[in-house]
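1. for reference, the sequence and a predicted model appear below.
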Amino acid sequence: MDTNSPDSDIGSIASAPQLRFGKIDGLASRVGAAMDAARKLLFSGQHEDGYWCGELEADTTLESDYILLHTLLGTGDPDRFRKAANWIIQHQNDDGGWSIYAAGPSNISASVKAYFGLKLAGYNADHPVLQRARKKIIELGGVTEVNTFTKIYLCFFGQYDYDAVPAIPPEIVLFPNWFWFNIYEISSWSRAILVPLSICYAKKPFKKIPREMGVEELFVGGMQKSRMHLRWSKKIVSWRNFFLFLDRMTHWFERVHIRPLRSIALTSAEKWMLERFEMSDGLGAIYPSMMNAIIALRCQGYSLDDPQLIRALDEFEKLGIEEGETFRMQPCMSPVWDTAYAMFALGESGVPANDPRMVKSADWILQKQVRTPGDWQIKNKTGKPGGWYFEFNNEFYPDVDDSAMVCLALSRVEHPNGRYQRESVQRAIDWILSMQCKNGGWASFDKDNDEMVFQQVPFADHNAMLDPPTVDITGRILEMMATYGYDKNHPAVQRAIQFLRNEQEPDGSWFGRWGVNYIYGTALVLRGLEAIGMDNHEPCIQQAAEWLRMVQNPDGGWGETVGSYDDPNLRGIGPSTPSQTAWAILGLLAVGDIRSDSVARGVAYLLRTQKHDGSWDEPFFTGTGFPRVFYLKYHLYRQYFPLLALTTYAKVMEKTEN
């Protein structure tokens, strides 16, 4: 049976869809059963300690880098390599390349990494998989078109020229905080990635491999004839050319050994890293920085049996998932985020606030609150610790989005120690308010981290050099503040509303930084504005609602591909997914849309696609890491978002009928 067909498996709903003021006959009677099944499934995934943690899936660059790392260290497990290679091959596109999200176009960096990873795992250039890959890579421009991080990793094996990659000198850690450029003017994740990578750049590790394991054949016209250096901008006076000039000067100083502060810089970078190993699951608790830190420790002379390196490797390996004949890596783990959303959805759906399972979740998450200073305090001198992070342990890097979501989740639970709960929430709210940026919005990890010129730095081609305020986080914070009694008269709220007004797109939508994409951003803004008491008849709100209705798919659901980050004309366009359908429904309900058929058809889509065990399938990526570069598939998004949407719909319909 075709589950995408509007008429498949929805019984009486589809057989005679009599629309009357946004209602479909028989729809409400099925919502309760669907909610009950979704609740049971969600609770079945709760850990005995009280938390939820769904798999966080990314692209094959992680498995490729895993093979690369262990080859570099000389610690490779042939069987593990074989299974990682199986996973990589399973995700090859029909055209021979590899994409960075499900059903996406082939990406040059991902494809070169996959090709090299397979070679290091024992595949030869004549293998059909590599033959097809090589053809596509050459078509995409060859190795010289990959991003900076990929080029540096290739340098480790003599497959690229260190002199041609953008310089990442460790001296950057010595720049004072008041200086125009310093490591705290870039995003927290870039900081954690680049500091260890600067050690690697300075030490220039090299591992000799057999020529047949290299990637010389991926250079268009051959390695010797390829232009490896970055190209200058045609506009002579430009920030790009300014930074490229500094880059070439840095390389020149390297060649003539003029680097008087190098040893001090390396020591400082190492110290910075080791300090952030404490109270965290590896540096930054995210894949790229954890991997770079391991290589940096080896560059600094740490042996494989050193306790620091053993611990770093252990935390890295915890991200691996071995199933049957495959092995894959997660970029990080998401227990705080998943737990907060699961708690909120379950609480909204009618689970009593004093239910032991909810109390256990609250108890677990309350213990994760940050009570020590972190990097955020560099630009926020007055704020006191009180946020939450995303992972199991990441004390230096609480984030505003998680903190707001945890506060929302705790509003649906009654912890036996009420004072402890109230004080924890108030600490978090105070911290969140202290993190508001100058333009009225909120970013994720830092305050006023928005010097756009630094996007032009040569090694910034991962498209995430900065952490500017976003509408999705700001919308969530408005919803949270309203939940705890704040209203439109609060100065922080007024500034936030103005920020949201300024950021709205001409068609009425809002850009989603942390979820795919305009559907996510629009839904969170509408929920925030509705919660804080903004009039639904405001033109900006009605325009956003109309945009959501316009992009609804014929099957009743909503979908948007990751491609909308590259091409805004694709906003709101894509195959329907449970999570994105839920976001759209939540957005429309927030503006009081109960009379059009859009919401009812969306709810019918969720009912139709729900499986007998209460779950939903979602093959596409709907989470965002770095727009245009790195995307995520949260395996629990397809569970708690539909539950929240169905719950909200049931409540609204109950009110209208009473």
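-> Nice, I can see it.
2. average pLDDT for stretch 388-403, rounded please.
-> Computed over stretch 388-403, the mean pLDDT rounds to 97.
3. start and end of it, how far apart?
-> 5 Å (C-alpha to C-alpha, to the nearest Å).
4. same question, stretch 46-62
-> Length of stretch 46-62, first residue to last, C-alpha to C-alpha: 27 Å.
5. now stretch 326-338
-> Using C-alpha to C-alpha, the two ends of stretch 326-338 sit 25 Å apart.
6. go on, stretch 627-644?
-> Note: stretch 627-644 ends 26 Å apart using C-alpha to C-alpha.
7. how about stretch 448-467?
-> 8 Å.
8. likewise stretch 628-641?
-> 24 Å.
9. got the buried residues for that stretch?
-> Across stretch 628-641, burial judged by 16 or more other C-beta atoms under 10 Å covers 629-641. Every residue, glycine included, has its C-beta placed from N, CA and C.
10. where's the lengthiest helix in the chain relative to the chain centroid, distance-wise?
-> Looking across the chain with DSSP state H, the single longest helix is helix 637-657. The chain centre lies 25 Å from the centre of helix 637-657; the measure is C-alpha atoms, centre = their mean, to the nearest Å.
11. for stretch 526-536, same thing?
-> Distance of stretch 526-536 from its chain centroid, counting by C-alpha atoms, centre = their mean, is 26 Å.
12. show me what counts as buried in it.
-> Residues L526, R527, G528, L529, E530, A531, I532, M534 are the ones in stretch 526-536 that count as buried (16+ other C-beta under 10 Å).
13. which of those residues fall within helices?
-> Using DSSP H, the buried residues of stretch 526-536 in helices are L526, R527, G528, L529, E530, A531.
14. between these, which is closest to A37?
-> R527 (24.5 Å; C-beta to C-beta).
15. shouldn't K633 be within a strand?
-> Yes: counting by DSSP: H, G, I helix; E, B strand; the rest coil, one finds K633 located in a strand.
16. I'd say it and I100 touch.
-> No: using C-beta atoms under 8 Å, K633 is not in contact with I100, being 11.5 Å away.
17. what sits against G528?
-> By C-beta atoms under 8 Å, 6 or more residues apart in numbering, the residues touching G528 are T474, G475, R476, I477, L478, E479, A482, L500.
18. same question for I193.
-> By C-beta under 8 Å, 6+ apart, the contact set of I193 is F149, G284, P288, S289, N292, H462.
19. what's the spacing between the second one and G623?
-> Between G284 and G623 the distance is 18 Å, computed by C-beta to C-beta, to the nearest Å.
20. of these two, who's got more company?
-> G284 (30 against 22; other C-beta atoms under 10 Å).
21. neighbours of the residue nearest to that one when sequence neighbours are not counted, just the number please.
-> Leaving aside its sequence neighbours, G284 sits nearest to A192 (C-beta to C-beta, 6 or more residues apart in numbering; 3.3 Å). By other C-beta under 10 Å, 29 other residues sit near A192.
22. so A192 touches I286, yeah?
-> Yes: counting by C-beta under 8 Å, I286 is a contact partner of A192 at 6.9 Å.
23. returning to what we had before: switch the buried residues of stretch 628-641 over to a markdown table; also include pLDDT and distance to A342.
-> Shown next, in a markdown table, are those (pLDDT from 0 to 100; distance: C-beta to C-beta, whole Å):
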| residue | pLDDT | distance to A342 |
| --- | --- | --- |
| V629 | 89 | 28 |
| F630 | 93 | 24 |
| Y631 | 96 | 22 |
| L632 | 96 | 17 |
| K633 | 97 | 17 |
| Y634 | 97 | 12 |
| H635 | 97 | 12 |
| L636 | 98 | 7 |
| Y637 | 98 | 11 |
| R638 | 97 | 13 |
| Q639 | 97 | 8 |
| Y640 | 97 | 5 |
| F641 | 98 | 11 |
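24. now render those as JSON lines, adding distance to K113.
-> What follows is those, written out as JSON lines (distance: C-beta to C-beta, whole Å):
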{"residue": "V629", "distance to K113": "13"}
{"residue": "F630", "distance to K113": "13"}
{"residue": "Y631", "distance to K113": "16"}
{"residue": "L632", "distance to K113": "18"}
{"residue": "K633", "distance to K113": "19"}
{"residue": "Y634", "distance to K113": "23"}
{"residue": "H635", "distance to K113": "23"}
{"residue": "L636", "distance to K113": "28"}
{"residue": "Y637", "distance to K113": "26"}
{"residue": "R638", "distance to K113": "28"}
{"residue": "Q639", "distance to K113": "31"}
{"residue": "Y640", "distance to K113": "32"}
{"residue": "F641", "distance to K113": "31"}
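25. closest to M228 among these?
-> Looking across those and measuring by C-beta to C-beta, the closest to M228 is V629, at 21.0 Å.
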